[in-house]
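# no sequence for this one, just the structure:
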């Protein structure tokens, strides 16, 4: 097969890619060697800012097949007809580490799904845990700073980690999950995913329901101990990434059973956990309903183009699905698109992995770095909606696209203490009491191993939280730390 001709980025054929232009065989390089200059200059710019969190990631394409119609709860097109198949892209990640860090760490895993629906992209941006460490995003930068490297020593500091958790008992539920056997999944294929937040759905009768997403692995939940993870990391720090890619390459397609919990809108008025991402909904009150199957069956062709440049946002909804008053969700709906504009540029949704598949994009956004043809102005006056000249699009007149109004009982605007009257211990204690004796031992040993690296003063602040969740939970940690 005849090879293609090597060219510059402008298309000029390259006659020699082995030798620079020099003044004689031993002379200095000439500045006129534009091919050399282009290669060096582009090389210096190959990296873009990595994600502050979820930097280390893996991803694949797949499909979601609906097994139960949800038309009773939502008018979202891709959730109407049994058998409907929707293409998707799913990115897994570790949360705290840098892009070059190990997959085999005790850390939550990101589980972000982009559904390419006929009505635009719908993103479920969650984790492998149903809850999170905090319920108000004003503490999110503070929390992440404690998980990152100390700015002075340049290494992770258990004092910062455990001091934050001791000051914020809302974290105890997630800490109990993180420090349990579930804290280190064996691979991305062998873990569940969760939307974590509460989302809204509305049907064609303008009835609203609150829902939570659950993605249950069909490969079975498999985890690693600290010792097992250290061994794997020593041999292959990118083991989870390799496992995902190789399994798909070998036609061993991983899959998840997709389920939801549904809460009638009126129930939320008397349920303090309805919009609290540090809490779960009890399954006995809101049972899991199976709605479909998610399968990953195609690897990316280029990691940077498709995984590193993939951009998810909890604000990407389709008609029939919307936000809830969850404080963390509300803040993430700003923070995620803002991060993408910083990392990838204003036109990040025009990149193929992020662009809608089955719907046209019609808006009046203009210009910006690397503006694709779709955002160039073809006529002088096609620049705003309902213009007298040549408006290209207008808001849909279909009332079913409109989200029904949400009634809120608000009598004042201010900063309200989200800790006041909140029970941060019962669900963490319930989780502990559900564990087998072996899992309890793993949990408290993992906690003691980590908390033991913090100062005695911080240990004294943290142990009472375990005791408030369950007396046995706390006494075991206290005993291991010799307190």
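Looks like it came in fine. Quick caveat: nothing in here was measured; it's all calculated off a predicted structure. Numbers count the residues shown, from 1 in each chain.
# Going along the chain, name the helices of the stretch 251-400 of the chain.
Using DSSP state H, counting those that start in this stretch, the helices of the stretch 251-400 of the chain run over 303, 327-343.
# can I get these in JSON lines with mean neighbour count and mean pLDDT?
Any C-beta I mention is one placed from the backbone N, CA and C, and that applies to glycine too. Shown next, in JSON lines, are the helices of the stretch 251-400 of the chain (neighbours: other CB atoms under 10 Å; pLDDT from 0 to 100):
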{"stretch": "helix 303", "mean neighbour count": "15", "mean pLDDT": "97"}
{"stretch": "helix 327-343", "mean neighbour count": "18", "mean pLDDT": "95"}
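# wait, which of these is closest to residue 418?
Proximity to residue 418, assessed across the helices of the stretch 251-400 of the chain by CB to CB, is greatest for helix 327-343 (7.3 Å).
# neighbouring contacts of whichever helix or strand comes after that closest one?
Sequence-wise, the next helix or strand downstream of helix 327-343 (DSSP states H and E) is helix 426-434. Residues from elsewhere that reach helix 426-434, judged by CB atoms under 8 Å, 6 or more residues apart in numbering: 131, 172-173, 175-177, 279-280, 440, 443, 468-470, 472-473.
# Sort out which of those are buried, if you could.
Buried by 16 or more other CB atoms under 10 Å: 131, 172-173, 175-177, 279-280, 440, 443, 468-470, 473, out of those.
# Can I get the helices of the stretch 251-400 of the chain in a markdown table including distance to residue 368?
Formatted as a markdown table, the helices of the stretch 251-400 of the chain follow (distance: least, CB to CB, whole Å):
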| stretch | distance to residue 368 |
| --- | --- |
| helix 303 | 25 |
| helix 327-343 | 9 |
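# so which of those gets nearest residue 76?
helix 327-343 (17.6 Å).
# just checking, what packs against the closest one?
In terms of contacts (3 or more CB pairs under 8 Å, 6 or more residues apart in numbering; DSSP states H and E), helix 327-343 is packed against helix 140-147.
# Please tabulate the buried ones among the contacts of helix 426-434 in a markdown table and include pLDDT and distance to residue 480 as additional columns.
Putting the buried ones among the contacts of helix 426-434 into a markdown table (pLDDT from 0 to 100; distance: CB to CB, whole Å) gives the following:
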| residue | pLDDT | distance to residue 480 |
| --- | --- | --- |
| 131 | 98 | 25 |
| 172 | 98 | 17 |
| 173 | 98 | 21 |
| 175 | 98 | 16 |
| 176 | 98 | 15 |
| 177 | 98 | 19 |
| 279 | 97 | 28 |
| 280 | 98 | 27 |
| 440 | 97 | 12 |
| 443 | 97 | 11 |
| 468 | 97 | 18 |
| 469 | 97 | 16 |
| 470 | 97 | 15 |
| 473 | 98 | 12 |
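# Let me know the pLDDT of residue 95.
According to the prediction, residue 95 has pLDDT 95.
# do the same with residue 360
pLDDT, residue 360: 76.
# burial measure for it, as a count.
Per other CB atoms under 10 Å, the neighbour tally for residue 360 reads 8.
# need the contact list for it.
Contacts for residue 360 (CB under 8 Å, 6+ apart) come out as none.
# do residue 469 as well
172, 176, 425, 426, 428, 429, 432.
# if you set the cut-off to 10 Å instead, what comes out?
Counting by CB atoms under 10 Å, 6 or more residues apart in numbering, residue 469 touches 169, 172-173, 175-176, 424-433.
# can you check residue 167 too?
139, 142, 458, 461, 462.
# hmm, 6 Å instead?
The neighbourhood of residue 167, defined by CB atoms under 6 Å, 6 or more residues apart in numbering, contains no residues.
# Relative to residue 308, how far out is it?
35 Å (CB to CB, to the nearest Å).
# now residue 211
For residue 211 relative to residue 308 (CB to CB), the value is 31 Å.
# Centre of the chain to the host helix or strand of residue 121, how far?
Here residue 121 is covered by strand 120-127, with elements defined by DSSP H and E. Centroid displacement of strand 120-127 relative to its chain, using CA atoms, centre = their mean, to the nearest Å, is 8 Å.
# Quick one: list the elements packing against that strand.
For strand 120-127, the packing partners by 3 or more CB pairs under 6 Å, 6 or more residues apart in numbering; DSSP states H and E come out as strand 109-117.
# what's the burial count for the nearest residue in space to residue 115 that is not next to it in sequence?
Among residues not flanking residue 115 along the chain, residue 122 sits closest, at 4.5 Å (CB to CB, 6 or more residues apart in numbering). As a burial measure, residue 122 scores 22 neighbours (other CB under 10 Å).
# Run through the residues that contact residue 130.
194, 280.
# measure it to residue 443 for me?
Residue 130 is 17 Å from residue 443, by CB to CB.
# cool, and residue 368?
49 Å.
# How about residue 137?
From residue 137 over to residue 443 the distance is 28 Å, taken as CB to CB.
# try residue 271
For residue 271, the distance to residue 443 - CB to CB - is 28 Å.
# mind listing what's buried in stretch 207-220?
Buried residues in stretch 207-220, counting neighbours by 16+ other CB under 10 Å, are found at 208, 209, 210, 211, 212, 213, 214, 215, 216, 217, 219.
# so who does the first one touch?
When contacts are counted by CB under 6 Å, 6+ apart, residue 208 is found next to 200, 202, 265, 404.
# who's it bridged to?
For residue 208, the beta-bridge partners under DSSP bridges are residue 202.
# same check, this time on the fifth one
Residue 212 has the following beta-bridge partners by DSSP bridges: residue 261.
# from memory it sits against residue 263, does it?
No - in this structure, residue 212 is not within contact of residue 263 by CB atoms under 6 Å, at 8.2 Å.
# Where does pLDDT dip in the stretch 301-450 of the chain?
Across the stretch 301-450 of the chain, the ranges flagged by pLDDT under 70 are 374-398, 400.
# how about 80 then?
Filtered on pLDDT under 80, the stretch 301-450 of the chain yields the residue ranges 358-366, 370-401, 408-411, 413.
# Okay, domains of the chain per the record?
57-131+185-354, 134-167+425-483 (automatic domain parsing).
# which of those sits most buried?
Most buried of the domains of the chain, by mean neighbour count (mean count of other CB atoms under 10 Å): domain 57-131+185-354, with a mean of 19.
# of all the helices of the stretch 251-400 of the chain, which lies closest to residue 66?
Of all these, helix 327-343 sits nearest to residue 66, with 24.1 Å by CB to CB.
# how far does the closest one sit from the chain's center?
Counting by CA atoms, centre = their mean, helix 327-343 comes out at 11 Å from the chain centroid.
# before we move on, what about stretch 84-95?
Its chain's C-alpha centre and that of stretch 84-95 lie 10 Å apart, by CA atoms, centre = their mean.
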